[in-house]
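Q: have a look at this prediction, sequence included:
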Amino acid sequence: MKYRQLGAGGPSVSELGLGCMGMSAFYGERDDTRSAETLLRALDLGITHFDTSYMYGWGHNEELISRSLGARRDEFVFATKFAHRMAADGSRYVDSSGAWAIESCDAALRRTGFDHLDLFYMHRRNPGTPIEETVQAMASLVEQGKIRLIGLSEVSPATLRKAHAVHPIAAVQMEYSLFTRDVEDEMLSTCRELGVALVAYSPVGRGLLTGKVNVNELSKDDFRRVLPRFTGDNLDHNEALVAALTQVAAEIGCTPAQAALAWVLAQGDDILPIPGTKRVTYLEENTAAAGITLTSAHLLALETAVPAAAVAGTRYTAEGMLTTGH
Ligand SMILES: NC(=O)c1ccc[n+]([C@@H]2O[C@H](COP(=O)([O-])OP(=O)(O)OC[C@H]3O[C@@H](n4cnc5c(N)ncnc54)[C@H](OP(=O)(O)O)[C@@H]3O)[C@@H](O)[C@H]2O)c1
């Protein structure tokens, strides 16, 4: 495993992190025993960056990481997020107020038993709350030693600039993969100008880019069943792109998941992909991608096989898209 810096002045972390969301929410059943094995194996493979959020099982995912890895707390960067809340009727809403940031941090510290959070993100922004208010509250958490670094997720470049003027932002977390390249428009250059790391989420397209997801076999409540990219004609179209990717990966001598991850890693050493999996087998396959060096001919072949503009369907449902880009 190689290591990269988490933002200007930030700690060094493994170039591939582990996204832990699916262990607790959105992608089918939980299996805490298997997830704990995967978490420990990740640490043993040299992964030192674990990504979670309060919203991933309303605390379940944070607790799972703490239970599984807590005894080795000084070996990894624990990154969690706040902003989502559950209403009395069970629906979800976004609260990025300073008060909720502080309450959420204290609750995450209580749940995990950790004495600090290494990286604390605003998961989504409520456009009704000025970003300055949120970042001032997060900065007070840094001053108190409760968090080390501040992150933002799914914000606009303008919001990042305003936030960074209040307190240095270490990382912005955005979806980035062969399927989703919007960050290349303006976000990536803004991050580079400000010395902010780009943490790339869903780097294997929520599983689609691995060629191994069969939507008909996903459990009934799997969140991907309603995502535009995973439904109807869009799915057929996108699976044809994955077939082309699989062919290029075979020519490179790796799996499509590995090619997709090596492609993200090749976009710059300030980019930190956090592929998610609950299984040791996939984890080991993904980790091996860190050892693959793609030539410029490989990169071109991958981008030709999967032209980002050719991907059918938005990343989220219309309702989900409304929470992004603020
Ligand atoms: N900031 C945000 O708004 C946001 C949004 C989404 C995700 N995230 C973070 O980013 C992390 C990663 O994103 P993600 O989990 O959505 O998407 P992803 O990493 O692109 O894909 C995860 C899915 O792919 C499957 N998979 C992974 N490696 C595989 C392999 N080698 N072969 C076959 N299948 C494989 C996993 O299967 P299994 O689950 O069956 O192992 C899982 O279903 C999350 O865990 C979370 O921490 C952040």
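A: Arrived safely.

Q: use CA for all of it now, contacts and neighbours both
A: Fine.

Q: give me the contacts around the lowest-mean-pLDDT helix or strand in the chain.
A: Between all helices and strands in the chain, the lowest mean by mean pLDDT, DSSP states H and E belongs to helix 318-321, at a mean of 94. The contact list for helix 318-321 (C-alpha atoms under 8 Å, 6 or more residues apart in numbering) reads residue 315.

Q: redo that, cut-off 6 Å
A: By C-alpha atoms under 6 Å, 6 or more residues apart in numbering, no residue outside helix 318-321 reaches it.

Q: list the contacts of residue 272.
A: Counted by C-alpha under 6 Å, 6+ apart, residue 272 has contacts 15, 199, 200.

Q: repeat that with 8 Å
A: 4, 6, 15, 16, 17, 197, 198, 199, 200, 265.

Q: now it: phi and psi?
A: phi -120, psi 100 (degrees, to the nearest 10).

Q: any idea how far it is from residue 176?
A: 10 Å (C-alpha to C-alpha, to the nearest Å).

Q: check the contact lists of the two and give me the overlap.
A: With C-alpha under 8 Å, 6+ apart as the test, residue 272 and residue 176 both reach residue 200.

Q: and the strands in the stretch 201-326 of the chain?
A: 271-273 (DSSP state E, counting those that start in this stretch).

Q: wait, a helix at residue 30?
A: No: counting by DSSP: H, G, I helix; E, B strand; the rest coil, residue 30 falls outside a helix, being coil.

Q: that one: neighbouring residues, count only.
A: A count of nearby residues for residue 30, using other C-alpha atoms under 10 Å, gives 15.

Q: residue 13 should be in a strand, yeah?
A: Yes: per three-state DSSP, residue 13 lies within a strand segment.

Q: quick one: which helix or strand includes residue 65?
A: Element membership of residue 65 [criterion: DSSP states H and E] is helix 60-69.

Q: pull out the buried positions in that helix.
A: Buried residues in helix 60-69, counted by 16 or more other C-alpha atoms under 10 Å: 60, 61, 62, 63, 64, 65, 66, 68, 69.

Q: columns pLDDT and distance to the ligand on top of these, output as a markdown table?
A: Listed next are the buried residues of helix 60-69 as a markdown table, based on pLDDT from 0 to 100; distance: C-alpha to the nearest ligand atom, whole Å:
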| residue | pLDDT | distance to the ligand |
| --- | --- | --- |
| 60 | 98 | 13 |
| 61 | 98 | 10 |
| 62 | 98 | 11 |
| 63 | 98 | 14 |
| 64 | 98 | 13 |
| 65 | 98 | 12 |
| 66 | 98 | 15 |
| 68 | 98 | 16 |
| 69 | 98 | 16 |
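
Q: now for the helix or strand hosting residue 174, which elements pack on it?
A: Here residue 174 is covered by strand 171-175, with elements defined by DSSP H and E. When contacts are defined as 3 or more C-alpha pairs under 8 Å, 6 or more residues apart in numbering; DSSP states H and E, strand 171-175 packs onto strand 147-153, strand 197-201.
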